[in-house]
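1. next input, structure requested:
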Amino acid sequence: MDVLYRSTDQRLHQGQILTNKKIENDIRNMFVFMLENDFVIEKAIPIVHYNWDDSLSMDDNNTYSFCYRNVSYSKHARGMAIDINPRFNPLRWKNADYPNQPEGAVLDTTVNGTLYSGHRVVEEFQRLGFRWGHTFSKYYDDHHFEKR
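-> Sure, this is the predicted structure:
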């Protein structure tokens, strides 16, 4: 689906999100909500542009939903998850000494496009029935939202 968003250059952009039809309306509504609340999305490009490479997409701070992966561990494989600005909202390990993903990314909640507990975008995703990756047991996956 096509989506409108305000990017980090403060201009409106049109992007595309490949997602499951079951959450299409929720994702569409979230993009309207983020635009109305001046929450920036750096880019929204189908991950095929990155040759289906999640790491390249995350490094580029790309927001996406569907990605070819093993369905046993990833909601992205069914298009039932979305990652929002992964460089602004890196995966951070709770009890291990592994680097943030994407590599070199640092959480800075003063940057527009960054998510944190109590943020209105997080609360709206949760109101729509999405689970936030910040609640995962082994790591904080702050860019990740998934629906069961």
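2. so how many other residues sit close to Thr110?
-> Using other CB atoms under 10 Å, Thr110 has 5 neighbouring residues. C-betas here are computed from N, CA, C, even on glycine.
3. what's the mean pLDDT across the lengthiest helix in the chain?
-> Criterion DSSP state H: the longest helix present in the chain is helix 24-36. For helix 24-36, mean pLDDT is 98.
4. buried stuff in the following helix or strand past it?
-> Sequence order places helix 54-59 as the next helix or strand after helix 24-36, per DSSP states H and E. For helix 54-59, burial by neighbour count (16 or more other CB atoms under 10 Å) applies to 54, 57-59.
5. contacting residues around helix 54-59?
-> Residues from elsewhere that reach helix 54-59 (CB atoms under 8 Å, 6 or more residues apart in numbering): 45, 47, 49-50, 64, 67, 69, 76, 83, 86-87, 101-103, 143.
6. remind me which residues of the chain are low pLDDT?
-> The chain contains residues with pLDDT under 70 at 71, 73.
7. for Arg87, give me its contacts.
-> 42, 58-61, 102, 105.
8. just the C-alphas of stretch 84-102, formatted as PDB.
-> Presented in PDB, the C-alpha positions along stretch 84-102 are these (Å, rounded to 0.1, in the frame of the first residue of the first chain):
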ATOM      1  CA  ILE A  84       9.600   1.800  12.600                       C
ATOM      2  CA  ASN A  85      12.900   3.700  12.100                       C
ATOM      3  CA  PRO A  86      15.200   0.900  13.200                       C
ATOM      4  CA  ARG A  87      18.300   3.200  13.400                       C
ATOM      5  CA  PHE A  88      16.500   5.600  15.700                       C
ATOM      6  CA  ASN A  89      15.000   2.700  17.700                       C
ATOM      7  CA  PRO A  90      17.800   0.000  17.800                       C
ATOM      8  CA  LEU A  91      17.500  -3.500  19.100                       C
ATOM      9  CA  ARG A  92      19.400  -3.500  22.400                       C
ATOM     10  CA  TRP A  93      20.300  -6.600  24.400                       C
ATOM     11  CA  LYS A  94      19.200  -6.800  28.000                       C
ATOM     12  CA  ASN A  95      21.800  -9.200  29.500                       C
ATOM     13  CA  ALA A  96      24.400  -9.800  26.800                       C
ATOM     14  CA  ASP A  97      27.300  -7.900  25.500                       C
ATOM     15  CA  TYR A  98      26.200  -7.800  21.900                       C
ATOM     16  CA  PRO A  99      26.200  -4.600  19.800                       C
ATOM     17  CA  ASN A 100      23.000  -2.700  19.100                       C
ATOM     18  CA  GLN A 101      21.300  -3.600  15.800                       C
ATOM     19  CA  PRO A 102      21.700  -1.900  13.500                       C
END
